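[1] predicted model and sequence follow; I will ask about them next.
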Amino acid sequence: MLKKLKKKKKANVLAFTLSSTLLLSGLTFDMASAQSPNSSAVQENQTSTVQTSSPYLTDAASIDRVIQAMTLEEKAKFVVGVGMPGFGGNPPFEVVGAVGGTYGIPRLGIPELRFADGPAGLRIRPTRPGQTQTYYATAFPIATSLASTWDTATVEAVGKAQGNEVKEYGVDMLLAPALNIHRNPLNGRNFEYYSEDPLIAGKMAAAMVNGVQSNGVGATIKHFAANNQETNRMSIDTVVSERALREIYLKGFEIAVEESHPWAVMSSYNKINGIYASQSADLLTTVLRKDWGYNGFVMTDWFGGNDPVEQMKAQNDMIMPGNTTQSSLIKTSVESGKLDEKVLDRNIKNILQVLIQTPEFKKYQNSDKPDLAAHAITARKAAAEGMVLLKNDKMPLPISKDQKITLFGNTQIETVKGGTGSGDVNAAYTTSISDGLKSAGYELNQTEFDKYKTYIDDLRSQDQYKIKPSSWGEDFGKFIPAIPEKPLTDNEIASASKDSDIGVIVIGRNSGEGADRKVVKGDYLLSDAEEAMISKVSAEYHKQGKKVAVILNIGGPIEVASWRDKVDSILLAWQPGQEAGYAVADVISGKVNPSGKLATTFPEKYSDVASANSFPGTPVDNPTQVVYNEDIYVGYRYNTTFNVKPAYEFGYGLSYTSFDINHLNISEGKKFKDKLKVSAMVENTGDLAGREVVQVYISSPDGKLEKPAIELKAFGKTKELKPHQRELLQFDLNAKDLTSFDEEKNAWVLEKGTYTVKVGASSEDIKETATFTVDQDMIVEKVNEALAPKVEFERLTK
Ligand code: BGC
């Protein structure tokens, strides 16, 4: 049911004025005014001759004096980056491919910092003119895959390795992790994000930040906030309730801030309830700093927002990548009294407090030689850990080494390591699925493999299919034009089915920054050729009494319901990074028993997605506004509350063994005071060693606020359990964990009534339940009023 949301206060309906240079999605920037580091160097020399006995930045205690000693011009330049390297006359940085740099003031001991992407690994250019040394970085599994591990230790290990590459390649801050919510499966950047659930997103991001920052380099959590689509991402106005913001879209950031203290936050491109995120004092001062106590600094997303003065006031401390128009405007605004210089001082202090922790400030001598071999092992383990076994009827998987495999599908050769855009990584290699299986010792049907190889090589030699540098430049990886699936003749399939013991079909997808996915064949839906491949291969193998498995090498959900019954097994490999083939072989062979669980729902059909009707906004042909009518009912919260059956539900994933989850105990008794201790026993009841994830959901009573049917409140993963081995997992919940957000009270409230704790192996596979009661309504935490919608809109209610 859709219910009208009343405006909280009388406010003007926002008029949407869009700056023409910022309208386009993708990287759009004003090259003419991009600031050049060279010109700033000239300024530095001029000022340094005037001020000789300046204070010097040595530590936290010196910061205030250094700020006092800065000229207004220096201040205005310091809060604006030095421009996009390699564009608009800006020379590339020494670390080629780093996308952001800060303005240095040597006379005050302030060095220039370097920032580089991104979520699946450090994105820098792997080669430099005139050098033989290479600068490849490790391509780790995409964030959605990492989240599917449900294992924060694995994610922290990836972060640690990633951060080491940041440090050893001479970069100060990583522009990752990204943790926006999977509001809709079509968001082209979902692969960079973890989950549809804010607890998973927050816990995974915190683990990643802790890993990265353990190296003494910074992490940047992005894109803050409610940035859930690429369509018109730089101008779209996200209209969303305060409750949905607090419970869904901000929650992950709140967890990450609290549990990992990221050095930086990147504000997002979009508007939230009429105001650009980067210009929203509600978001960046009231929520982030006052409510959450954040003390790092905030940078814009690249070319985000349209008013540098408003950005400064909002406490968006640094504008990236920066141009001279912005710094001049900031300077003249202070001179004219439009901007208080104290605002600049405050923002500069936020940045300097981080800057004094950076490798550059500490004069760290980077080696340019991170241990890529060790990091490849970390990437491979994480990739295997994140794979989700969706189907395995009568156990065709694992495949023993004496079984001969025929691989079908172009993606067996052109395996996709990760998505495109700033989330890409320039890795030294990607191990294809065919190579991975071969190196694991499998015999592949060579005749069929050769046909695929010849077909792909032929097409790739044609101009239209040639692999080129990304249209955004070489730093952003390669543009790989999609090639049509190789057609299969009936005879070819028939002889393959006789010549091998099992058929394995690989389906691949890619997407990336700048565009959303579409519900069309070849994208969300199977192409006709893929559909035919699955149908015909399955029919022929089944005729021979043989099995067929599908490997999904994808970055986000595709339609599976129409074809999954035709095949025997489905392994969701995600986009597993550069070690893709090895990690797939680890799981296919049973060397690793799959233990990944979906952190994002696979809908039965696209129209079952709660936001299907509102994504990506209105007007449909060129959206300016997207209304989050589904409110708090995102992902499984929607499916479970409104009884919409998904194809594969949140939390789902099979194993080669089986587990029992029992002995649920809530130890603080039946009456809730301020803590809840939950424990449950996991037993491996099958024949193989493996790991299981325990998911703790809570069903809260409807009170003044209605509640989703279930909400994930905690999760944990066992160690590898041998057959019949057991492990007790324990979870501590506090009052805040159980609250909902009351917009009228501006508070996290715990409403009285009976609560049910549900432990299970997925959102639909609940194994045991227990109840406790809350005697009276409690205000657990008051927060400041912020981010109220300015327009009336319909909200989904039960
Ligand atoms: C992306 C950010 C990225 C930045 C720098 C922007 O287009 O949205 O995630 O960090 O570019 O590459």
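    The structure has been received and is ready for your questions.

[2] how many neighbours does S470 have?
    16 (other CB atoms under 10 Å). (Each C-beta comes from the backbone N, C-alpha and C, glycine too.)

[3] no no, A689
    Per other CB under 10 Å, the neighbour tally for A689 reads 16.

[4] quick one: the residue in the stretch 551-700 of the chain positioned nearest to the ligand and K417, what's the gap?
    Proximity of the stretch 551-700 of the chain to the ligand (CB to the nearest ligand atom) peaks at G555, 15.5 Å away. From G555 over to K417 the distance is 10 Å, taken as CB to CB, to the nearest Å.

[5] what residues are shared contacts of these two?
    Both G555 and K417 are contacted by Q575, under the criterion CB atoms under 8 Å, 6 or more residues apart in numbering.

[6] where does the chain dip in pLDDT?
    By pLDDT under 70, the weakly predicted segments of the chain are 1-54, 668-669.

[7] excluding its backbone neighbours, what's nearest the closest residue to the ligand within the stretch 351-500 of the chain?
    Of the residues in the stretch 351-500 of the chain, the one nearest the ligand is S422, at a distance of 3.7 Å by CB to the nearest ligand atom. The spatial neighbour of S422 that comes closest, neighbours along the chain excluded (CB to CB, 6 or more residues apart in numbering), is D117 at 4.4 Å.

[8] hmm, back to that, okay, now the residue of the stretch 551-700 of the chain closest to the ligand: neighbour count?
    Neighbour count for G555, taken as other CB under 10 Å: 27.

[9] show me the contacts for it.
    For G555, the contacting residues are 142, 144, 190-191, 416, 418-419, 509-511, 574-575, by CB under 8 Å, 6+ apart.

[10] pretty sure E485 is touching F408, no?
    No: the criterion here is CB atoms under 8 Å, and E485 misses it with F408 at 9.2 Å.

[11] what's the overlap in contacts for these two?
    With CB under 8 Å, 6+ apart as the test, E485 and F408 both reach M533.

[12] who has more neighbours out of the two?
    F408 (27 against 22).

[13] please name the bridge partners of that one.
    I505 (DSSP bridges).

[14] separation between it and G555?
    Noted for F408: a distance of 21 Å to G555, by CB to CB.

[15] one more: P308?
    For P308, the distance to G555 - CB to CB - is 34 Å.

[16] tell me the phi and psi of the single nearest residue of the stretch 251-400 of the chain relative to the ligand?
    Nearest residue of the stretch 251-400 of the chain to the ligand (CB to the nearest ligand atom) works out as W302 at 3.8 Å. Taking degrees, to the nearest 10, you get phi -60, psi 110 for the backbone angles of W302.

[17] count the neighbours of it for me.
    22.

[18] what number of residues lie near the closest residue to the ligand within the stretch 451-600 of the chain?
    Residue nearest to the ligand within the stretch 451-600 of the chain: E513 (5.9 Å; CB to the nearest ligand atom). The tally of other residues near E513 (other CB under 10 Å) stands at 23.

[19] how about A60?
    Neighbour number of A60 under other CB under 10 Å is 12.

[20] going forward, count from 256.
    From this message on, residue numbering opens at 256, which makes the last subject A315.

[21] how near is it to the ligand?
    Distance, A315 to the ligand, by CB to the nearest ligand atom, to the nearest Å: 27 Å.

[22] contacts only, for the residue nearest to S677.
    With CB under 8 Å, 6+ apart, D372 has these contacts: 354, 378, 429-431, 677-678.

[23] what does the chain put close to the ligand?
    282, 354, 372-373, 430, 477, 556-557, 677, 768 (CB under 6 Å from any ligand atom).

[24] need the residues you listed in CSV (columns: secondary structure).
    Shown next, in CSV, are these (DSSP: H, G, I helix; E, B strand; the rest coil):
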residue, secondary structure
L282, coil
V354, coil
D372, coil
G373, coil
L430, coil
K477, strand
D556, coil
W557, coil
S677, helix
E768, coil
